[in-house]
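> Sequence first, predicted model second:
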Amino acid sequence: MMSIDPTQFSNHPAWVGPRRYVEQKWQIDQAAKASVETRSAGYASVCGPESVPDFAAVRQRVNKQADIAPAFEAVARRREAKAREAEAAGHPVSARNSYFIAAVLWGSAQWTIEENTPQNLFYNERKRDCYMGYARLADHKVEPAWIAFQGKRLPGWFHLPYNYQGGRVPAVVSFQGMDGFKEMGVNLHGDRWLSRGIGVLAVEGPGQYESPVLGIHVSVPAWVEAAPLLMNWMCARPEIDAERVGLFGSSFGSFFATLCAANEPRFAACAVRATCLEPGGHSIFEEAPPPFKRRFMYMADYTDEAAFDQFRKTLTWEGHAEKIRSPYLCMAGEADNLSPLHHTERMFAVLNCPKQLVVYQDAPHGLGGVSSHNLGPDSSGFIADWMHDRLHGGTMSSERWYVQASGQIVKTAY
């Protein structure tokens, strides 16, 4: 085994993470550059073309896992300084763009830190401060959201659609994945939800990103408890039509959104993509790169791997998905390496609601980079259109779509 200095962790000084994380550290370092390239492309798509040089600078600097946080930090500092300079000069559009990009860079710097270290807390503070700068200057109404939960508060950002003129509008409660964060929940330019007249509560539920910083950890009971509290918060907003609130979840957010749909019948629809629907998560925790397991142990507040291995068996939709009655959409990769497709198929077999499963031929977990997704329905736009139709009373048929490499769709009725 390779040794890691345990003093780098403040909360649990002896913790170095799961066994494979230690044993495969050299492989993790070798994969760091490729991992940053993949993730930075996603971050840049949220931030827009102005951010491309920022993420290119990060990629240029990263050669091993330990490089990731300082590389993002350096670029975040530069971008935050540009935001403050633009605001001082009276250029609010340039300032808001840079504040947004800086917030995403600071959030990205937190990505590989699985402890509430001073470094992580500092990055979190800078992320929130920069996003608040963006919210002050945004081209639509944005405000911080705090949802009371177990004597603490779940963090979120509440967005109203572009050109909101009053009245009640439909909305979605949006969850990112294990490595995503709420500041990525709405794009800087031309957001898919806001441009369709749909408000967004981009929130981090139990265990997600900022929540463990605040002492709120992941478990199925915690998510079951959170579901009605999230809906209550939305119902209390005078701008939101409580009869038209949907759920969206990506990656591990697909599991969390499914739990919410199952345990809060007031949600009008649920759409998920890039699934994490394997009960117990064997593939993502035992076969995928070990940083996934290390992060989820932090999310769940475990440092003992054997204890966590018992805990992860409780991460299942079984006994919950059967209760869903609102329309449900899932977009999945045929070759998903983090959650094999047959687990999603098995869940669909027990759903008692209008349901649509869209499977992309040859697609991995993230769906992109294969011809079925490039030539077939774009998952991002498709989900937004599907949700728009559900929240505006549109009917649907229960179907399984198989998107071939040619982009052609084979439809089968459920």
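Nice, thanks for sending it over. Numbers count the residues shown, from 1 in each chain.

> What mean pLDDT does the helix or strand hosting V22 get?
V22 is part of helix 19-23, with elements assigned from DSSP states H and E. On average, the pLDDT along helix 19-23 is 77.

> so where do the strands sit in this protein?
All strands of the chain, identified by DSSP state E, fall at 142-149, 152-159, 169-175, 199-203, 240-250, 269-273, 328-333, 355-360, 399-403, 409-413.

> what about those, which gets the closest to R136?
Among those, strand 142-149 comes nearest to R136, with 8.5 Å by C-beta to C-beta. C-betas here are computed from N, CA, C, even on glycine.

> Does the closest one pack against any helices or strands, and if so which?
helix 118-137, strand 152-159, strand 199-203, helix 220-235 (3 or more C-beta pairs under 8 Å, 6 or more residues apart in numbering; DSSP states H and E).

> how about the residue nearest to I147 when sequence neighbours are not counted, what does it touch?
Excluding the flanking residues, the one nearest I147 by C-beta to C-beta, 6 or more residues apart in numbering is L154, at 4.3 Å. Applying C-beta atoms under 8 Å, 6 or more residues apart in numbering to L154 gives the contacts W146, I147, V203, E204, G205, P206, S211, I216, A226, L229, L230.

> just to revisit the earlier point, let me have the helices and strands packed on strand 142-149 in TSV, adding mean pLDDT and distance to D179 as columns.
Shown next, in TSV, are the helices and strands packed on strand 142-149 (pLDDT from 0 to 100; distance: least, C-beta to C-beta, whole Å):
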stretch	mean pLDDT	distance to D179
helix 118-137	97	14
strand 152-159	98	17
strand 199-203	98	15
helix 220-235	98	18
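
> Compare these and give me the one nearest V403.
For the helices and strands packed on strand 142-149, proximity to V403 was assessed by C-beta to C-beta; strand 199-203 is nearest, at 26.4 Å.

> List the pairing partners of that closest one within its sheet, with orientation.
Applying DSSP bridges, strand 199-203 is found paired with strand 152-159 (antiparallel), strand 169-175 (parallel).

> which one of those strands is the most hemmed in?
Compared across those, strand 169-175 shows the largest average neighbour count, a mean of 26 (mean count of other C-beta atoms under 10 Å).

> hmm, who's touching that one?
With C-beta under 8 Å, 6+ apart, strand 169-175 has contacts from 160-161, 182, 185-186, 193, 197-205, 208, 230-231, 234, 239-241, 244-250, 253, 256-257, 260, 267, 387-388, 391-392.

> Mind doing that once more with 6 Å?
161, 185, 198-202, 230, 240-241, 244-249, 253, 256-257, 391 (C-beta atoms under 6 Å, 6 or more residues apart in numbering).

> how near is Q110 to Y209?
Between Q110 and Y209 the distance is 7 Å, computed by C-beta to C-beta, to the nearest Å.
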